[in-house]
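Enquirer: the sequence isn't on hand, but the structure is:
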């Protein structure tokens with residue numbers, strides 16, 4: 001468990017540094033919505049990819065934004081930023097990225113209150129976190145290259161779940177390793193949708209047989225929680 005925590009901390013720090021580098025490299029060329037569109041594309045699809053994926057990243061975000069981009073200049077700027085020392089990089093833009101994504105949510109989703117940090121989570125929330133955590137831990141042990149991919153897949157598809165502002169932000173941060181636990185209340189439908197997205201992503205990366213096995217183990221593990229007496233983990237499937 002301690003080793004997993006250390007690996008998780010190292011992963012978060014590494015992604016943060018790369019995100020700062022990408023932000024530093026893009027700022028001279030992109031602004032406003034175009035900048036955040038590119039940053040979220042990198043966060044969701046390329047944050048754990050090799051340096052050679054920069055060309056693909058630039059080509060993809062160039063298709064998403066309306067303005068013409070100087071692809072070769074941006075590529076040189078990103079490569080240069082990746083080689084900079086931390087003190088030379090711009091601050092981590094993740095908080096601003098979250099604020100941008102939240103502003104893009106429909107108004108109907110902005111009315112939910114944010115759960116206080118010290119409030120005890122509901123049993124169903126504890127069970128949801130336990131199932132997803134067990135799934136990610138198994139991936140880390142058996143298919144480590146896929147752990148971050150599935151986290152990003154789930155984060156990328158959060159917009160398809162009917163979530164209010166607070167839960168949306170909480171899940172985004174938790175999936176990115178910036179928050180240790182989930183605290184908000186989620187409906188059973190929302191939780192089932194989240195697990196289903198993880199299942200679909202797992203089918204894409206592993207195949208249905210393997211992801212079925214991992215999810216079954218995750219649910220079985222969560223059944224030993226005291227909270228499982230109040231919310232059966234099997235209800236998430």
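Expert: The structure has been received and is ready for your questions. These numbers come from a predicted model, not from an experiment.
Enquirer: the nearest residue to residue 60 once chain neighbours are set aside sits in which helix or strand?
Expert: Distances taken as CB to CB, 6 or more residues apart in numbering place residue 41 nearest to residue 60, at 6.2 Å, with adjacent residues excluded. Glycine gets a C-beta too; all of them are placed from N, C-alpha and C. Taking DSSP states H and E as the definition, residue 41 sits inside helix 32-41.
Enquirer: C-terminal to that helix, what's the next element?
Expert: Following helix 32-41 in sequence, per DSSP H and E, is helix 54-64.
Enquirer: need the residues that contact that next one.
Expert: Here helix 54-64 makes contact (CB atoms under 8 Å, 6 or more residues apart in numbering) with 37-38, 41-42, 45-46, 49, 69, 71, 74-75, 78-79.
Enquirer: show me what counts as buried in that helix.
Expert: Using 16 or more other CB atoms under 10 Å as the test for burial, helix 54-64 gives 54, 57, 58, 61, 62.
Enquirer: likewise for stretch 181-201?
Expert: Buried residues in stretch 181-201 (16+ other CB under 10 Å): 182-186, 190-195, 197-199, 201.
Enquirer: secondary structure element for residue 121?
Expert: Applying DSSP H and E, one finds residue 121 in no helix or strand.
Enquirer: quick check: pLDDT value at the nearest residue to it once chain neighbours are set aside.
Expert: Among residues not flanking residue 121 along the chain, residue 183 sits closest, at 5.0 Å (CB to CB, 6+ apart). If you check residue 183, the pLDDT there is 86.
Enquirer: how is this structure carved up into domains?
Expert: The chain breaks down by automatic domain parsing into domains covering 2-104, 123-236.
Enquirer: what average pLDDT does stretch 199-217 get?
Expert: 92.
Enquirer: any idea how far apart the tips of it sit?
Expert: Criterion CA to CA, to the nearest Å; first-to-last residue distance in stretch 199-217 is 13 Å.
Enquirer: list the contacts of that stretch.
Expert: So stretch 199-217 is contacted by 131, 134-135, 138-139, 142-143, 146, 149-150, 153-154, 157, 195, 198, 237 (CB under 8 Å, 6+ apart).
Enquirer: recalculate using a threshold of 10 Å.
Expert: Applying CB atoms under 10 Å, 6 or more residues apart in numbering, the contact partners of stretch 199-217 are 131-132, 134-139, 142-143, 145-146, 149-154, 156-157, 195, 198, 234, 236-237.
Enquirer: which of these count as buried?
Expert: 131-132, 134-139, 143, 146, 149-154, 156-157, 195, 198, 236.
Enquirer: circling back to that earlier point, ranking the domains of the chain by burial, who's on top?
Expert: Of these, the one with the most neighbours on average (mean count of other CB atoms under 10 Å) is domain 123-236, at a mean of 18.
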